[in-house]
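> Structure for this input, please:
(2 chains)
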Amino acid sequence: MSILAALPVRVDNPAPYFRRQTVWFGILIFVSFCLAQRTAWPWLLTYPKAWILPAAPAVNGIFDWLVPLLTPPCAVISSMLGAALDACGFALRWMPWPATLAFFAVLGWRAQSWRLALFTAVALGYIVLAGYWQQGMNTLSMVTLAVPLAVTLGFLLGVGAHTSRHVRSVTLVALDLLQTVPAFAFLIPLLLLFGFGPIAGLVACVAYAIPPMVHCTMLGLARVPVSLLEVGGMAGCTRWQRFWHVVLPTARQQILTGVNQTTMASFSMVIMAAIIGGFNDVGWEVLDAMRKADFGHSLLSGLVIAVLAMVVDRITRGFAQPRHGSARQTRHDAVRVAAFLAVPVVGGALLHVAPASMARIDTLQGVVDPNALNTFVLDLVRAFSAPLDSLKVFVLYHFMLPLRIGLAAAVTPFTWGFAWTPQVSAFYAATTLVLAAWLTVNGRWGAGIVVLLGAALLLFGFNGFPWPAFIAVTAGLAWSVGGGRLAVPVTIGTSFVVTAGLYEPLGQSLYLCVLAVLICTFSGGLIGIAAAKSDRFSALLRPCCDTLQTMPQFIFLIPALMFFQVGELTGLIAIALYAIVPPIRYVEYGIKSVPADLVETSRQIGCTAWQRLIHVEFPVAKPEIVLGVNQTIMAALSMLPVAALVGTKDLGQQVYIGLSKADAGLGLVAGLSIAIVAMISDRIMRATVSRAGNSLD
Amino acid sequence: MLTNIKIALWAVPISLGLAASSSAIAKPLGDTNTAIKIAINEWTGQNLTAHIAGKLLEKLGYKVEYVTAGTLPQFTGIASGNLSLSPEVWPSNLGDVYPKAKAEGKLEEIGELGLQTRDGWIYTVDTKAVCPGLPDWTALKNPACVQALATPETFPNGRLLDYPADWGSASGPELKNADIPFTTVPAGSEGALIAELQAATAAHKPLLMRFWAPHWVLTEVPVEWLEMPPCDESNLAECIVAPPVIKVVWSGFAEKWPAGYALMKSLQVHADDQQKMIYAVDKQGRSLDVAVDEWMDQHQSDWQGWFKAAQN
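Residues are numbered from 1 along each chain as shown, chains lettered A, B, ... in the order given. Below is the predicted model of the structure:
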């Protein structure tokens, strides 16, 4: 409800104060009418099958027409990328692992320090010991290809979107689609276009890795102070000179964050390539272990992906740090690095000449045995079965069921210890009305409406909320924060989902995501603040965040499943574990980038730490924080298909069902529905922020 | 003898050499230069079958390459010729691409693998204590049994952990037709089914779920099969019937590797053998190669017979 809380605060455009009140009053009457009629007219709750518009067949039709058209150019791209991938993979596989390890350690040393070299050696050594070297190198070759592609495309798009308003509006929609339509939904079409093999996965990887680059480039460019631009202009720079010498260096840090996020995103997508197969990579091993519910092996192989991501991230970041020194020194340095890097390559060649010694070294591969971990998890299940069960039942009865089926149905003597009698109902209604009335009298009528609608939602649950009321409320919300220009697309979007017959899974998805986002924003925000205040904690936190973000989420499903069984709680845990990373990162970054002089001033006027946080740091960091919440929503929605693997009934499950039945259209429509939900929440949030006076873009 | 060789000219010298070395070949080997690509899917049983097929083809004189491939995506690969053979296909879940490719003649079914399969409802050993009368299905109608298996999600009904929603399952209709007060809960994935089974066994909890055999987990976790309620076996939508496992090849297989095609048609693997091999590989840590070699030793007469058939 945090989005709604900021609702009607200003009297200025887009909709006049008085008209907004009238409209919301109308919406309230409409909602209560729908709720009153829900038993009399059951079609209000379950969208009738006869009214479903043939969206899925239409998508199928478009696709049948498009695929033959696109196949020839895609085949060309596919063979080009295939050749590059083969070359890359061949080089990485040719090098014996000690040589590669040394090579990367030298790179790490040159990039930063001997510490990074040590980290790199230990990390890559782990891959050897775990026995996933071959697969790891295949994965690395895929990312080596995907990241530069995604960074280049993302940077160009970001610059384009910054320069032209038209490009921006198109780009933003395209980006959201890329990031929010689950890869499962477009994997099968990609398979048809690019053929069987790793290329379809590579393309999915690039597509998914582009958005963070674009977002960060845009944010970085927008942050360049106007005064700096003017200085550039006065110094007689041409447009290009100004861009290269003034704008880019200023936006550099933000753009580098983008590169970092892109690397992480592409590592988190390599698992998608494995679903197709044809490429003996780590992702395949993870999926294999997941199918066997073999937690030990899945953790071992998943860590390989995380470790690779961290090494690549640290090294590239190290090289990106600003360096001081004359051109000659730099050249001298480059020669030295080349000399150092040549040593491992020569060593590798020597090892090829002496296969016996290589074979001896190779006995180190795969010495780690993860089966003990499996036994450990099962022992935990055995020991804590009863308390885990009661925890599950508690959370289910008190938090999840009320949101899903509403308090009226969830509160029974069996669950809460008392029945939802008419008296309780009357008390609930009276409290709500009094609170809303009090807020209205105090001039905060918007908050009053939020209370009324929230109470109704809690009473009837996402499952019991009539779909016409749902469309009306979202449309009204969009209209009052963004005017007609926002309300029309939002109404079309929600109507699309409903008329495609997906209202029920939509409710399931919303309830899971709302819970996950609330949990993540709250706890992730707190962790982010702590990280901003303590450098040591921040350093400790970074590998954890990296691991959570890059380790395939499938892995967490196995222990969660064993502890909490198939069901929505397990899905919620999986979603929350993944979606907690953006609030941590963005809150930390936002608070850390508050100008030092502001912090100093607040200290001088005698602010306590809390006052400073609330009155100085939060307002200044607001764009980052909102971006963080935004990314949390996106992350939660993107986890829906993964959560479907533990048997949730949300839109993600629809994607699977559509893909495995003879209906690729349903899969795409369900995927598109997830994207629509994401975009609507995103747009409404952006509009809210820009109305409150802090422009996000 | 050589007149019926229908291969490209560049392959002739090699075939000549091979034909000369083993004189009894009637069906030509075909293109022994191009590797036959065998799909490696996500489960150990299939991997064993694939390696048996690969070893046999190698013995006959072919080059073989193993390619990892997802169960559903592999059919795109087979239809385009990027994959040549998938020796163990369970027809219960074939997806969208398979029927289309089959109708267009891009892939070919070459008979059953002979793997005796089982499909139905299983329960953990601890379930017997709360549901006396098992394995007979009527035991599930006992209110005490229903209550013991009920969860918050299914209350007041009992809970039957079902196949993932995207696999499709006849459990729901079968429960309804037999009037058993249970609700199906779709698992979401194979891993979820296994994780629950292992956890329930470890925690000594009752559990009723749908499952299939041969499966490696059955060698590890003691379960029993329910005697299913009677149903009309011709109505697959409302009756659980174990599917016959089939072998699928690329449509150009027969022309490119004629003898290999005949060999693959004869290939048979039995469920008992496979389950033993699965246990050896997954639990005893034996390598896939060793397990397959043992199978080759034990079934020498079988595959020598297939060789003869393939060569005549």
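
> Spatially nearest residue to residue A:439, not counting backbone neighbours?
Among residues not flanking residue A:439 along the chain, residue A:448 sits closest, at 4.0 Å (C-beta to C-beta, 6 or more residues apart in numbering or on different chains). Just so you know, the C-beta spots here come from the backbone N, C-alpha and C atoms, and that holds for glycine as well.

> Am I right that the one you found is in a strand?
No - if the criterion is DSSP: H, G, I helix; E, B strand; the rest coil, then residue A:448 is helix and not within a strand.

> who's in contact with stretch A:258-266?
A:143, A:146-147, A:150-151, A:154-155, A:158, A:205-206, A:208-217, A:220, A:309, A:312-313, A:316-317, A:320, A:546, A:549-550 (C-beta atoms under 8 Å, 6 or more residues apart in numbering or on different chains).

> which residues touch residue 107?
This is for chain A. A:120, A:315, A:341.

> switch to chain B, that's the one I care about
Residue B:107 makes contacts with B:75, B:78-79, B:98, B:101, B:248-251, as judged by C-beta under 8 Å, 6+ apart.

> Tell me what it is bridged to.
residue B:250 (DSSP bridges).

> about what we covered before: can you redo the contacts of residue B:107 as TSV with pLDDT?
Formatted as TSV, the contacts of residue B:107 follow (pLDDT from 0 to 100):
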residue	pLDDT
B:75	87
B:78	91
B:79	88
B:98	85
B:101	86
B:248	94
B:249	95
B:250	94
B:251	93
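
> Could you single out the nearest of those residues to residue B:236?
residue B:98 (16.3 Å; C-beta to C-beta).

> Quick check: the residue of chain B nearest chain A.
Closest contact between chain B and chain A, by C-beta to the nearest C-beta, is at residue B:77 (3.3 Å).

> Just give the closest residue to that residue, not the sequence neighbours.
The shortest distance from residue B:77 to any non-neighbouring residue, by C-beta to C-beta, 6+ apart, is to residue A:196 (3.3 Å).

> Tell me the confidence at that neighbour?
Model confidence at residue A:196, given as pLDDT, is 77.

> in a strand, that's where it is, yeah?
No - per three-state DSSP, residue A:196 lies outside any strand segment and is coil.

> quick one, what contacts it?
Contacts for residue A:196 were tallied using C-beta under 8 Å, 6+ apart; they are A:276, A:278, B:69, B:73-74, B:76-77, B:80, B:82-83.

> re the thing from before, are any of the contacts of residue A:107 buried, and which?
A:120, A:315 (16 or more other C-beta atoms under 10 Å in any protein chain shown).

> which ones among the contacts of residue A:107 are found in helices?
Here DSSP state H is the test, and the contacts of residue A:107 give A:120, A:315, A:341 as lying in helices.

> how much space between the second one and chain B?
Here the distance between residue A:315 and chain B works out to 29 Å (C-beta to the nearest C-beta, to the nearest Å).

> cool, the first one as well?
According to C-beta to the nearest C-beta, residue A:120 and chain B sit 28 Å apart.

> Excluding sequence neighbours, find me the nearest residue to that residue.
Per C-beta to C-beta, 6+ apart, closest to residue A:120 is residue A:108, 3.9 Å.

> cool, the last one as well?
Nearest non-adjacent residue to residue A:341, counting by C-beta to C-beta, 6+ apart: residue A:106, 5.7 Å away.

> And residue A:418, its phi and psi?
The phi/psi pair for residue A:418 (degrees, to the nearest 10) reads phi -150, psi 160.

> And the nearest residue to it once chain neighbours are set aside, how far from chain B?
Leaving aside its chain neighbours, residue A:418 sits nearest to residue A:411 (7.0 Å; criterion: C-beta to C-beta, 6+ apart). Residue A:411 sits 13 Å away from chain B, going by C-beta to the nearest C-beta.

> now do residue A:350
Applying C-beta to the nearest C-beta, the value for residue A:350 to chain B is 30 Å.

> That residue: how many residues sit nearby?
Residue A:350 is flanked by 13 other residues according to other C-beta atoms under 10 Å in any protein chain shown.

> close to chain B, is the helix or strand where residue A:57 lies?
Using DSSP states H and E, residue A:57 maps to helix A:55-94. No - contact of helix A:55-94 with chain B (C-beta under 8 Å from any C-beta of the partner chain) is absent, the minimum separation being 10.2 Å.

> Off-centre distance for the next helix-or-strand element following that helix?
Next in sequence after helix A:55-94, counting helices and strands by DSSP H and E, comes helix A:97-111. Between the centre of helix A:97-111 and the centre of its chain there are 31 Å (C-alpha atoms, centre = their mean, to the nearest Å).

> What average pLDDT does helix A:97-111 get?
For helix A:97-111, the mean per-residue pLDDT is 87.

> Next: stretch A:452-470.
The model assigns stretch A:452-470 a mean pLDDT of 89.

> ok so, going back, of the contacts of residue A:196, which is the nearest to residue B:220?
Checking the contacts of residue A:196 against residue B:220 by C-beta to C-beta gives residue B:69 as the nearest, at 26.2 Å.

> For the closest one, which non-adjacent residue is spatially closest?
Looking at residue B:69 with C-beta to C-beta, 6+ apart, the closest residue is residue A:277, at 3.9 Å.

> Need the three-state assignment for residue B:86.
With three-state DSSP as the criterion, residue B:86 was assigned strand.

> Separate out the buried members of the contacts of stretch A:258-266.
Among these, those classed as buried by 16+ other C-beta under 10 Å are A:143, A:146-147, A:150-151, A:154-155, A:158, A:205-206, A:208-217, A:220, A:309, A:312-313, A:316-317, A:546, A:549-550.

> Now, the residues you listed that are in helices?
Per DSSP H, helices hold the following members of the buried ones among the contacts of stretch A:258-266: A:143, A:146-147, A:150-151, A:154-155, A:158, A:205-206, A:208-217, A:220, A:309, A:312-313, A:316-317, A:546, A:549-550.

> How about the residues of the stretch 401-550 of chain A by chain B?
Counting by C-beta under 8 Å from any C-beta, the residues of the stretch 401-550 of chain A close to chain B are A:401, A:414-415.

> related to what we said a few turns ago, contacting residues around the residue nearest to residue A:418?
By C-beta under 8 Å, 6+ apart, the residues touching residue A:411 are A:402, A:418-420, A:424.

> per-residue confidence at it?
Value listed for residue A:411 in the pLDDT field: 84.

> quick one, phi psi at residue A:416?
Backbone torsions of residue A:416, given as degrees, to the nearest 10, read phi -100, psi -10.

> got any ranges where chain B has weak pLDDT?
Applying pLDDT under 70 to chain B picks out residues B:1-26, B:93, B:95-96.

> hmm, back to that, from the contacts of residue A:107, which is closest to residue A:296?
For the contacts of residue A:107, the nearest to residue A:296 is residue A:120 (25.0 Å; C-beta to C-beta).

> any idea how far the closest one is from residue B:304?
Look at residue A:120 and residue B:304: by C-beta to C-beta, to the nearest Å, they are 54 Å apart.

> Contact residues of the stretch 151-300 of chain A facing chain B?
Counting by C-beta under 8 Å from any C-beta, the stretch 151-300 of chain A comes close to chain B at A:188, A:191-192, A:195-197, A:274-280, A:284, A:287-288, A:290-293.

> on that earlier part again, I'd like the contacts of residue A:107 as a markdown table, with pLDDT and distance to residue A:675 appended.
A markdown table is the format used below for the contacts of residue A:107 (pLDDT from 0 to 100; distance: C-beta to C-beta, whole Å):
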| residue | pLDDT | distance to residue A:675 |
| --- | --- | --- |
| A:120 | 93 | 38 |
| A:315 | 84 | 34 |
| A:341 | 76 | 44 |
